[in-house]
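Undergrad: A predicted structure for the sequence below; I have some questions about it.
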Amino acid sequence: MLISVYVPLIVTVVLSVLAPRPARRLAPRPAAWALACTALVTTVGWTGSLALLAFTGIAQIPEVAAEGRWSVPVLRAENPVHLTVAVAGALVLLAGCVSLVLAAVRQVRHVLWARRECARVPGDGELAVVDTDAPQAFALPGAPGRIVVSRGMLRCLDDEEREALLAHERAHLRRRHHLFQAVWRLAAAVNPLLRPLADAGGYVLERWADEEAATHVGSRRVVARAVGRAALASSSRTSAPPALAVTGGAVPQRVRALLGPPPPRRTLPIAGGALLLTLCCAGLANAASDSDKMVDDAQRAQCAETIAHVDAAGRPAHARVRFCCRHHRPGERQG
Amino acid sequence: MNGFRDGGTPGRRARGELESNVLAALWSADGPLTARQVLTGLPDDLAYTTVLTILSRLYDKGMLVRHRAGRGYAYEPARDEASHTAHRMKSLLEGGSDREAVLTRFVSELSERDEQLLQHLLSGPEDHAGPDGAGH
């Protein structure tokens, strides 16, 4: 408990720093899955650890101790966590939970909105073309999802590039990339340290769709050209919201990646990440079992104290003793 | 043949994709196209009859208009349908950065430096690599 409760927190920090960089260079599909697993496991580890830390503090509140029938002095003696740390943990956990709920509500609202828009876009085909000159193209997730492209975008691409664009957007829809995005967004809401990881995730999804489009049209160069030309055409008549500046630099990176050799499928970084995630889970499990034991001890102490009280009063109070001691009678747990 | 099973009818998904491809080809053209012209604009090796079928299906859905051209028809996209979409599109894109999150855009914004970098990337390697000299 002394160290293990901090292991998930440390692993989260380490991965949030180390994971984004290699993820951008690896083959995008395994990288996306690896980032999604990282986000899920570290978020569980992070909240679990914070909850355990917070618990060590909360358990010392007399009312809580009375409800749980454990002895506060014993708990305090066994507890390796400083009260300030426990309080800090509780506050961070609370902030994370509030932020998660807000993000989840927002996310659900957006998904519903996208589905509604999907149904409203005219036509029943996969592709909806918009009669504007501004080059725009995006995938609107839904069941089954639509590809929305403007006439301006179609006209700035040649036949092969057009095919690449459609294949790219199809890949987003078919591989359900919006679900990956949702995982990263929610994880980053709980723990802001994961924001770089979520950003890397967004980039990796674009790369994934690019590579899939390249396989479809049979040329990575064509996709590179399509991405580059579309981006240049959009930027020359820029009127779009500036909020996307965060992802700036992504397009040249994608083009460069497509012009270079196909990304390597390396197992070492993935194995390293998996090892760290295992460590995170092991740390959390160990800390949880330690804190369970701590509570058990405190309850036993409380029980012994109660028995002593009863004896001192000289009254037979078997019922009460049995009730308070049920926690540490091994046979009774299942009952 | 792409997406076809034994030269028979294409699968449902493949058919949807073909429709999209044909529609996209018509939208990127300068004027009405005959089935033959559409066929040459599509990278897939499709049968002429397949393109004809797709065109008439899109026409039936009201997504295309057609004019007589010789013995057949020349098709072009129905603009009024799409300007309807344009209206919706505006509302889609005005949702702000949060809504952006749901849409996966083909390309993100470029900074000025990105723009130069891209110009360089797109023009550079073509000179000394082959038309498809991606990985060697």
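TA: Arrived safely, thanks for sending. Numbering: from 1, shown residues only, chains lettered A, B, ... in the order given.
Undergrad: how about the strands in the chain?
TA: Because you didn't say which chain, this covers chain A. For chain A, applying DSSP state E gives strands covering A:127-130, A:137-140, A:146-150.
Undergrad: Correction: the question concerned chain B.
TA: Going by DSSP E, chain B shows strands at B:33-34, B:64-69, B:72-77, B:104-105.
Undergrad: can I get those in TSV with mean pLDDT and distance to chain A?
TA: C-betas here are computed from N, CA, C, even on glycine. Formatted as TSV, the strands of chain B follow (pLDDT from 0 to 100; distance: least, Cβ to the nearest Cβ, whole Å):
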stretch	mean pLDDT	distance to chain A
strand B:33-34	94	12
strand B:64-69	91	11
strand B:72-77	92	7
strand B:104-105	74	4
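Undergrad: taking the ones you listed together, which one is wrapped up most tightly?
TA: Comparing the strands of chain B by mean neighbour count (mean count of other Cβ atoms under 10 Å in any protein chain shown), strand B:104-105 ranks first with a mean of 22.
Undergrad: who's in contact with that one?
TA: A:136-139, A:141, A:169, A:172, A:177-178, A:181, A:205-206, A:209, A:244 (Cβ atoms under 8 Å, 6 or more residues apart in numbering or on different chains).
Undergrad: Now narrow the residues you listed to whatever sits close to chain B.
TA: When Cβ under 8 Å from any Cβ of the partner chain is applied, the members of the contacts of strand B:104-105 adjacent to chain B are A:136-139, A:141, A:169, A:172, A:177-178, A:181, A:205-206, A:209, A:244.
Undergrad: just these now: which is nearest A:Val251?
TA: Nearest to A:Val251, judged by Cβ to Cβ, of these is A:Glu206 at 8.8 Å.
Undergrad: want to throw the strands of chain A into JSON lines with mean neighbour count?
TA: Compiled in JSON lines, the strands of chain A are given as follows (neighbours: other Cβ atoms under 10 Å in any protein chain shown):
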{"stretch": "strand A:127-130", "mean neighbour count": "27"}
{"stretch": "strand A:137-140", "mean neighbour count": "24"}
{"stretch": "strand A:146-150", "mean neighbour count": "26"}
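Undergrad: count of residues packed around A:Ile59?
TA: Check again: residue A:59 is Ala, not Ile. By the measure other Cβ atoms under 10 Å in any protein chain shown, the count of residues near A:Ala59 is 20.
Undergrad: mind listing what it touches?
TA: A:65, A:68, A:70, A:72, A:75, A:295, A:298.
Undergrad: among the strands of chain A, which is nearest A:Leu9?
TA: Closest among those, once you apply Cβ to Cβ, is strand A:137-140, at 36.2 Å.
Undergrad: so A:Ile270 touches A:Ala32, yeah?
TA: No. A:Ile270 lies out of contact with A:Ala32 (Cβ atoms under 8 Å); the separation is 11.7 Å.
Undergrad: These two: who's more crowded?
TA: A:Ala32 (24 against 19).
Undergrad: Just send the strands of chain A back as JSON lines, with mean pLDDT too.
TA: Putting these into JSON lines (pLDDT from 0 to 100) gives the following:
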{"stretch": "strand A:127-130", "mean pLDDT": "86"}
{"stretch": "strand A:137-140", "mean pLDDT": "87"}
{"stretch": "strand A:146-150", "mean pLDDT": "88"}
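Undergrad: among those, which is nearest A:Ala39?
TA: strand A:137-140 (21.4 Å).
Undergrad: neighbouring contacts of that closest one?
TA: A:114, A:117-118, A:121, A:145-150, A:153, A:165, A:169-170, A:172-173, A:177, A:230, B:92, B:102-107.
Undergrad: Quick one: buried ones out of the ones next to chain B among the contacts of strand B:104-105?
TA: A:136-139, A:141, A:169, A:172, A:177-178, A:181, A:205-206, A:209, A:244 (16 or more other Cβ atoms under 10 Å in any protein chain shown).
Undergrad: Mind putting those into a markdown table with distance to A:Gly96?
TA: Formatted as a markdown table, these follow (distance: Cβ to Cβ, whole Å):
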| residue | distance to A:Gly96 |
| --- | --- |
| A:Gln136 | 36 |
| A:Ala137 | 36 |
| A:Phe138 | 31 |
| A:Ala139 | 30 |
| A:Pro141 | 26 |
| A:Glu169 | 34 |
| A:His172 | 29 |
| A:His177 | 25 |
| A:His178 | 23 |
| A:Gln181 | 19 |
| A:Leu205 | 24 |
| A:Glu206 | 28 |
| A:Ala209 | 31 |
| A:Leu244 | 26 |
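Undergrad: Can you verify my assumption that A:Arg225 contacts A:Glu161?
TA: Yes. A:Arg225 is within contact range of A:Glu161, at 5.9 Å (criterion: Cβ under 8 Å).
Undergrad: how about the helices in chain B?
TA: Using DSSP state H, the helices of chain B run over B:12-28, B:35-41, B:48-60, B:79-93, B:97-100, B:112-123.
Undergrad: okay, those helices, which one's buried deepest?
TA: It is helix B:12-28: most buried of the helices of chain B by mean count of other Cβ under 10 Å, with a mean of 21.
Undergrad: got the angle for it vs helix B:48-60?
TA: Angle between the axes of helix B:12-28 and helix B:48-60 is 80 degrees (criterion: axes from the mean of the first three to the mean of the last three Cα atoms, to 10 degrees).
Undergrad: show me the contacts for the closest residue to A:Cys156 other than its chain neighbours.
TA: Among residues not flanking A:Cys156 along the chain, A:Ala233 sits closest, at 4.2 Å (Cβ to Cβ, 6 or more residues apart in numbering or on different chains). A:Ala233 sits next to A:135, A:152-153, A:156 when contact means Cβ under 8 Å, 6+ apart.
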